[in-house]
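*Asks:* coordinates only, sequence not included:
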């Protein structure tokens, strides 16, 4: 896995070499090798194998945009991790029984406006037999990093209220499988989180993340007027956990990371120029969006960790202006599941205090305040013209 990540950082489009690496990796994968490992080793090995898929995809610099052609290696990885998930689920029959009582899926597309969101407590947005999508308000901890004394632990909350969300206790107590969490959000940020209900679903979704088949869309306000011609940044992000809660950095030895960008509006708060952006991540590095935008000279409004004057922003924006408003993923039967939530009230108030710099930006800001653009897919939302 480490060798493949190193290769992906070279940014070389060498299909012949990538195909050779895949064939070698396929030989090493072996038949039933993963399920034959002890559970503790199998979880680590599965993570490494799935990471190799992400590395190979980024090495090819592939842009999915709805199309996906599986390779022999990707299908081999998928079959191996799903077999491991099934094996683990067989040891937890109560989870399968609970899920079998439910109908196929409560909704293919679940959406919730701000009026229905609890500003202080997690909210269940989408419930399927395989996974749940929750809305995390700001101030709730998902990861163990950057919590501070004010962070409330979402995991502890879910352990108490697991029956209401249909989340099995055995997964919520399984550290090797990230307690069932497929996505994370920084404590000051808000938005949608994806949590698996079975081991098989966990590995199915991990595979989808590795192959960039899960869509994670964000809306953010950043400093400065971002050029609408900027549509993507591919900069490696580095971070060492042993250093504690320090900022991530753009560094040559970091992990490959890609962020798609769509400039929605140019605006300002008093004399401070800002840009309203949509963003979609193609990898999941720690503080990826915050790191990428700070490196481009456009730090997030309110982000004191990556912007020296971030605390001054809190006079008019109470926190990081970053909200994951949409998630899309596939269930095991191929049904595309979608969940979306509007801007929380605190970010809406910040948006209301902005002055647009042109008519198009004015229309966009008003749409996010009064209409429902958050229900639309990435391709349906228009960028500001250059």
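*Replies:* On my side now, so go ahead. Everything numeric in this text was worked out from a predicted model, so none of it was measured. Numbering: from 1, shown residues only.
*Asks:* what about this protein, any weak spots by pLDDT?
*Replies:* Within the chain, the set of residues satisfying pLDDT under 70 comprises 1-32, 59-68, 93-116, 143-151, 237-238, 240-245, 249-256.
*Asks:* and the longest helix along it, what other elements does it pack with?
*Replies:* In the chain, ranked by residue count with DSSP state H as the criterion, the top helix is helix 39-60. In this structure, helix 39-60 makes packing contacts with helix 2-8, helix 15-29, helix 72-90, helix 199-210, judged by 3 or more C-beta pairs under 8 Å, 6 or more residues apart in numbering; DSSP states H and E. Where C-beta positions appear, they are placed from N, C-alpha and C, glycine not excepted.
*Asks:* which residues touch the last one?
*Replies:* This means helix 199-210. When contacts are taken as C-beta atoms under 8 Å, 6 or more residues apart in numbering, the neighbours of helix 199-210 outside the stretch itself are 46-47, 50-51, 53-54, 57, 77-78, 81-82, 84-86, 88-89, 92, 130-131, 171, 177, 180, 182, 194, 196, 214, 284, 329-330, 332.
*Asks:* now that helix, how far from the centre of its chain.
*Replies:* 13 Å (C-alpha atoms, centre = their mean, to the nearest Å).
*Asks:* Could you tell me the angle between it and helix 39-60?
*Replies:* Our comparison of helix 199-210 with helix 39-60, counting by axes from the mean of the first three to the mean of the last three C-alpha atoms, to 10 degrees, yields an angle of 20 degrees.
*Asks:* Need the residues that contact the helix or strand just after helix 199-210.
*Replies:* Note on helix 199-210: by DSSP states H and E, the next helix or strand toward the C-terminus is strand 215-223. Surrounding strand 215-223, the residues in contact under the criterion C-beta under 8 Å, 6+ apart are 183, 191, 264, 272-281, 289, 293, 298-301, 307, 317, 321-329, 343, 347, 350-351, 354, 368, 374, 377-378.
*Asks:* one more time with 7 Å, if that's ok
*Replies:* The contact list for strand 215-223, computed with C-beta atoms under 7 Å, 6 or more residues apart in numbering, reads 183, 274-281, 289, 293, 298-301, 321-328, 343, 350, 378.
*Asks:* likewise stretch 345-352?
*Replies:* Residues external to stretch 345-352 that are found in contact with it (C-beta under 7 Å, 6+ apart): 114, 119, 221, 316-319, 321, 323, 343, 365, 368-369.
*Asks:* which ones among those are found in helices?
*Replies:* Among the contacts of stretch 345-352, the members found in helices (DSSP H) are 365, 368-369.
*Asks:* check which helix or strand covers residue 164.
*Replies:* The secondary structure element spanning residue 164 is helix 162-165 (assigned by DSSP H and E).
*Asks:* try residue 347
*Replies:* With DSSP H and E as criterion, residue 347 is part of helix 345-352.
*Asks:* which other helices and strands contact the following helix or strand past that helix?
*Replies:* Scanning forward in sequence from helix 345-352 by DSSP H and E, the next helix or strand is strand 355-356. Secondary-structure packing of strand 355-356 (3 or more C-beta pairs under 7 Å, 6 or more residues apart in numbering; DSSP states H and E): strand 258-269.
*Asks:* Now do the buried residues in the following helix or strand past the strand it packs on.
*Replies:* Past strand 258-269, further along toward the C-terminus, the next helix or strand under DSSP H and E is strand 272-281. Using 16 or more other C-beta atoms under 10 Å as the test for burial, strand 272-281 gives 274-281.
*Asks:* Show me which of those is closest to residue 166.
*Replies:* Nearest to residue 166 out of the buried residues of strand 272-281 is residue 281 (C-beta to C-beta; 27.1 Å).
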